[in-house]
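K.L.:
Could you work out the structure for the sequence below:
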Amino acid sequence: MKRDQGEQDTGKIIPFPGLKQRYFEKGIACLEAHNFDEAVQLLRQAKEMSETDPHINSAFLAALYENGDYPEARLVAEEVLREGIGNYYEIIDVYLMILIQLNEHQYVIDTIEALFDEKEVPAHKAEHFLTLLQLSKKVVENSEHDFSGEFSIDQGIFNSNDLYEQTIQLGSLVDKNIHPYLDSLINMLADDTTHPFLKTIVLNVLRENKIEKNVNVKKLKLEGQFIPANLLQIHDMPLFVAINNNLEFHLGDHNPVLLEQLKEMSGRHAFILYPFELSKTDPILWAAAYRCMGYELYGEQWDKEKIAINFGVNSEEMVDAFSYLLTLEEISSPII
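P.N.:
Prediction:
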């Protein structure tokens, strides 16, 4: 009885064994499932039980950031950095992203320049930090000239007119946190001046990051609404798969070299069109049109009626499809 009374007098609640770990594991599961609000609640409880656990602190910070709780995320990040909890450069990376979301670009500049002055930036982080530094300097510069201060990728990081360089820069975002650039990326998809090749890369970046916003895509006189997270990968698009299957049926046994060349060509065209597909949905018609492309590839004479009969399609429709493939080839061949 004495022992029970003593425990009551302390005013402390003794948690069940392993409760902190359960909160942590469930929080991580919610984070991975993009259920950010619940992840925040679970990881907050885990953090209250262990203020200095680096894994819990890092996960809690990530959940706050992903949930859009930027003011609290900033406070947590500053606390963790001040206390030296966890991987410093991973935390500083998230901290910089939080500052960008809060439009605190001068703090970003000051923080990164201090890191470089102290010569404490790891080689693998240097390029990334320089990119963020350039972004924030551009925003500050624009705001000083009475602009809105809104940053767009094509004004800052992607200010090159070189398609290859833009491709490399966009592709580098696949494994990075894209939320600071999300609005600019989405705007690129509806911008008539953005090359269709770049729009496909943007969509792949959004799909890889499981973006569930409805986005408007304009490409090659086509327009539609898509949720990137729900899109198939390019090589899984149904018409593309069916066309290649038909090409294999007609060429696989007697001309495997040409088959591979035409499959590579159809892959480039599918990439340019994505998330759209070829307008006519008959894969046999397009396979026939690609066979015509094969003759053109080797400078050979070809008989449209003979090819149409061999594939069982209308010759005039096949020629129209062939003409469209020539247009796609002009757009795609200099790029990939």
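
K.L.:
And stretch 190-202, end to end?
P.N.:
Start-to-end span of stretch 190-202 (Cα to Cα, to the nearest Å) is 11 Å.

K.L.:
What mean pLDDT does it get?
P.N.:
Mean per-residue pLDDT for stretch 190-202: 89.

K.L.:
Stretch 59-79 now?
P.N.:
Across stretch 59-79, pLDDT averages out at 89.

K.L.:
remind me which residues of the protein are low pLDDT?
P.N.:
Where the chain drops to pLDDT under 70, the residues are 1-17, 142-169, 171-176, 333-336.

K.L.:
List the contacts of stretch 277-295.
P.N.:
237-240, 242-243, 245-247, 250-251, 258, 261-262, 265-266, 269-270, 301-302, 304, 307-308, 310-314, 317-319, 321-322, 324-326, 329 (Cβ atoms under 8 Å, 6 or more residues apart in numbering). Using the backbone N, CA and C atoms, a C-beta is placed for each residue, glycine as well.

K.L.:
actually stretch 227-239, not the one I typed
P.N.:
For stretch 227-239, contacts defined as Cβ under 8 Å, 6+ apart pick out 200, 203-204, 206-207, 209-215, 240-241, 267, 270-271, 274-275, 277-278, 281, 283, 286.

K.L.:
taking the contacts of stretch 277-295 one by one, which sit in helices?
P.N.:
If you go by DSSP state H, the contacts of stretch 277-295 have 238-240, 242-243, 245-247, 250-251, 258, 261-262, 265-266, 269-270, 304, 307-308, 310-311, 317-319, 321-322, 324-326, 329 in helices.

K.L.:
Now the buried members of the residues you listed.
P.N.:
Neighbour counting with 16 or more other Cβ atoms under 10 Å marks 239-240, 242-243, 246-247, 250-251, 258, 261-262, 265-266, 269-270, 307-308, 311, 318-319, 321-322, 324-325, 329 as buried within the ones in helices among the contacts of stretch 277-295.

K.L.:
Do a quick rundown of the strands in the stretch 151-300 of the chain.
P.N.:
Counting by DSSP state E, counting those that start in this stretch, one finds strands in the stretch 151-300 of the chain at the ranges 215-219, 222-226.

K.L.:
looking at the ones you listed, which is buried most?
P.N.:
strand 215-219 (a mean of 18; mean count of other Cβ atoms under 10 Å).

K.L.:
Which strands border it, and is each parallel or antiparallel?
P.N.:
Sheet pairing of strand 215-219 (DSSP bridges) gives strand 222-226 (antiparallel).

K.L.:
Contacts for the partner strand next, please.
P.N.:
Residues from elsewhere that reach strand 222-226 (Cβ under 8 Å, 6+ apart): L203, N214, V215, N216, V217, L273, P275, F276.

K.L.:
ditto for stretch 208-216
P.N.:
With contact meaning Cβ under 8 Å, 6+ apart, stretch 208-216 is reached by 34, 174, 178, 182, 186, 189-190, 206, 223-230.

K.L.:
Inside helices: which ones of these?
P.N.:
By the criterion of DSSP H, membership of those in helices covers L182, I186, L189, A190, L206.

K.L.:
The fourth one contacts V217, correct?
P.N.:
What that stands for is A190. Yes: applying Cβ atoms under 8 Å, one finds A190 in contact with V217, separated by 6.9 Å.

K.L.:
Of the contacts of stretch 227-239, which count as buried by neighbour count?
P.N.:
The neighbour-count test (16+ other Cβ under 10 Å) applied to the contacts of stretch 227-239 identifies 200, 203-204, 206-207, 209, 211, 215, 240, 267, 270-271, 274-275, 277-278, 283, 286 as buried.

K.L.:
Which residue ranges make up the domains of this protein?
P.N.:
Taking automatic domain parsing as the reference, the chain has its domains at 2-102, 177-231, 235-332.
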